[in-house]
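Colleague: Got a sequence here, can you build the structure:
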Amino acid sequence: QLQLVESGGGLVQPGGSLRLSCAASGFTLDYYAIGWFRQAPGKEREGVSCISSRGSSTAYADSVKGRFTISRDSAKNTVYLQMNSLKPEDTAVYYCAAGYKLTLTDGGYEYWGQGTQVTVSS
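Modeller: Residues are numbered from 1 along each chain as shown. Model (predicted):
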């Protein structure tokens, strides 16, 4: 069974950091582009960052550039999203997804995790 599982979410104060993990079971992430998406209450899901299958290319939404960093560890079959200088507007459920196309649009992904909540609040 192909499965993606996100972890690392939680409550953090503004200016703080979190590292999200996206672990795969049942398949190897190396063959897929991986995207991170988020959805805040009452808002549409938006692409945050993505990384190519070999890790040579990355992309970020303008709202997170310079604050978030995506990376992948083939040995652990895991992709990470390091989030620094967090703001209240970063509060959302964060999802990872696997697909064949490097894109920040969710239509390019086939497999999705269940999401992890990130709350930025004082």
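Colleague: Please name the bridge partners of the most centrally placed residue in the chain.
Modeller: Nearest to the geometric centre of the chain sits residue 36, at 2.7 Å (Cα atoms, centre = their mean). Residue 36 has these beta-bridge partners by DSSP bridges: residue 49, residue 96.
Colleague: Report the separation between it and residue 15.
Modeller: Residue 36 sits 20 Å away from residue 15, taking Cβ to Cβ, to the nearest Å as the criterion. For glycine as for every other residue, the C-beta is placed from the backbone atoms N, C-alpha and C.
Colleague: Same question for residue 81.
Modeller: Distance from residue 81 to residue 15, by Cβ to Cβ: 17 Å.
Colleague: Compare those two and say which is more crowded by neighbours.
Modeller: Just comparing residue 81 and residue 15: by other Cβ atoms under 10 Å the higher neighbour count belongs to residue 81, 25 against 11.
Colleague: per-residue confidence for the nearest residue to residue 103 once chain neighbours are set aside?
Modeller: Once flanking residues are discounted, residue 103 sits nearest to residue 50: 6.5 Å by Cβ to Cβ, 6 or more residues apart in numbering. Note for residue 50: predicted pLDDT of 98.
Colleague: Against residue 29, how distant is residue 50?
Modeller: 13 Å.
Colleague: neighbour-wise, which of these two wins?
Modeller: Ranked by neighbour count (other Cβ under 10 Å), residue 50 and residue 29 place residue 50 first, with 27 against 23.
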